[in-house]
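Student: compute the structure for the input listed below.
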Amino acid sequence: MKIRFLLLSAIILLTIFITGCNQTQSTATPDIPPGTTDITNQTEVTTDPVVTQTAEPTPSVPLIATVNGEGIWLSDFEADVQRYLVAADNLKKEVDEIQAKQIVLDTMIETILLAQGAREMGYGLDQEMYSKKIEQLILDSGGESQFQQWLSDNNYSQEEFERIYKLQLEAVWFRDQIISQTPTRAEQIRARQILVSSKSLADNIHNDLENGAKFDYYSWGYDQLSGGELGWFPRDYLILPEIEAAVFDLQPGEFTDVIQSTYGFHIVQVMERDLDRPLTQDALLQKQRIVLASWLSEKKAGSTIILH
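Tutor: Numbering: from 1, shown residues only. You can find the predicted model right below:
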């Protein structure tokens, strides 16, 4: 059901927001508050009208943390830890309770920081706006009975879900504003590699290349599916930064020294370079993750976060 993508717990929702963003870019580019770096689940940038709203005072309930004076309820935290552990188990992902608690707490803090950023920009939810969103959510879930069943299955009270969902809506709106600032074009190179498991073999191949051997003879010889093709990519994209650092110093036709990684021994050749090329969807996603993570890091550094 679609509701399983829309009504996940706060921790799983924001994990998706931060690590899996895949956005349709907004044509509007609102100013980001001071301290924001020019910063994607498939959610379009929201265009709801903004209304001024201040955060409600935290009631006198046990808290796990406060973020710039706004509390994270201990009961919400404990419930989300359990939901996270259940979700991890369903996905066959091994996560112990200590790891789960840290992931949940970090994500709940980041949710509040994003929501606070939305309010600072004048965005807030009035009752009419919230009612429309919750009505659509119930409709997407299949109706009121299915919605209530989902709440029960996932151990949400109506009050708890509404409180968390409102916070998520604020956080998602501001996340969209941040990542909409990500450039969609960048300098990129196209490269291919020779990857072998032996250092001595890699050294021998490198020596042959320096003496005039054809790179594609070896790249196709050791990768008969793609000839070692790495495709086009921008900076901060490859999972092996040592390779990326080396290839961006080269011109087309040049190749690296032997580079060791956990995968083996690489020799990488630059095939083409473009100073202003559109990013692929995957590369744009990676850039958006970096921009969002940068904003959160800066915001955390300038915030008052107290653990209880």
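Student: now the strand of greatest length in the chain: buried residues?
Tutor: Longest strand of the chain, by residue count under DSSP state E: strand 264-278. Residues of strand 264-278 classed as buried: 264-271, 273, 277 (neighbour count, 16 or more other Cβ atoms under 10 Å). Where you see a C-beta, it was placed from the backbone N, CA and C, and this is true even at glycine.
Student: stretch 209-224 now?
Tutor: Quick answer for stretch 209-224 (16+ other Cβ under 10 Å): 209, 215, 218-220, 222.
Student: export those residues to a markdown table and tack on pLDDT, distance to Phe174 and secondary structure?
Tutor: Listed next are the buried residues of stretch 209-224 as a markdown table, based on pLDDT from 0 to 100; distance: Cβ to Cβ, whole Å; DSSP: H, G, I helix; E, B strand; the rest coil:
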| residue | pLDDT | distance to Phe174 | secondary structure |
| --- | --- | --- | --- |
| Leu209 | 98 | 50 | helix |
| Phe215 | 97 | 47 | helix |
| Tyr218 | 97 | 49 | helix |
| Ser219 | 97 | 45 | helix |
| Trp220 | 97 | 48 | helix |
| Tyr222 | 96 | 47 | helix |
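Student: number of nearby residues for Glu229?
Tutor: 14 (other Cβ atoms under 10 Å).
Student: which residue is the nearest non-sequential neighbour of it?
Tutor: Counting by Cβ to Cβ, 6 or more residues apart in numbering, Arg192 is the residue found nearest to Glu229 once chain neighbours are left out, at 5.1 Å.
Student: from the buried residues of strand 264-278, which is closest to Ile205?
Tutor: For those, the closest approach to Ile205 (Cβ to Cβ) belongs to Ile267, at 6.4 Å.
Student: distance of that closest one from Ile243?
Tutor: Taking Cβ to Cβ, to the nearest Å as the measure, Ile267 falls 10 Å from Ile243.
Student: next one: stretch 145-154 to chain centre, how far?
Tutor: Centre-to-centre, stretch 145-154 and its host chain are 28 Å apart (Cα atoms, centre = their mean, to the nearest Å).
Student: then stretch 104-115?
Tutor: Relative to its chain's centre, stretch 104-115 lies at 14 Å (Cα atoms, centre = their mean).
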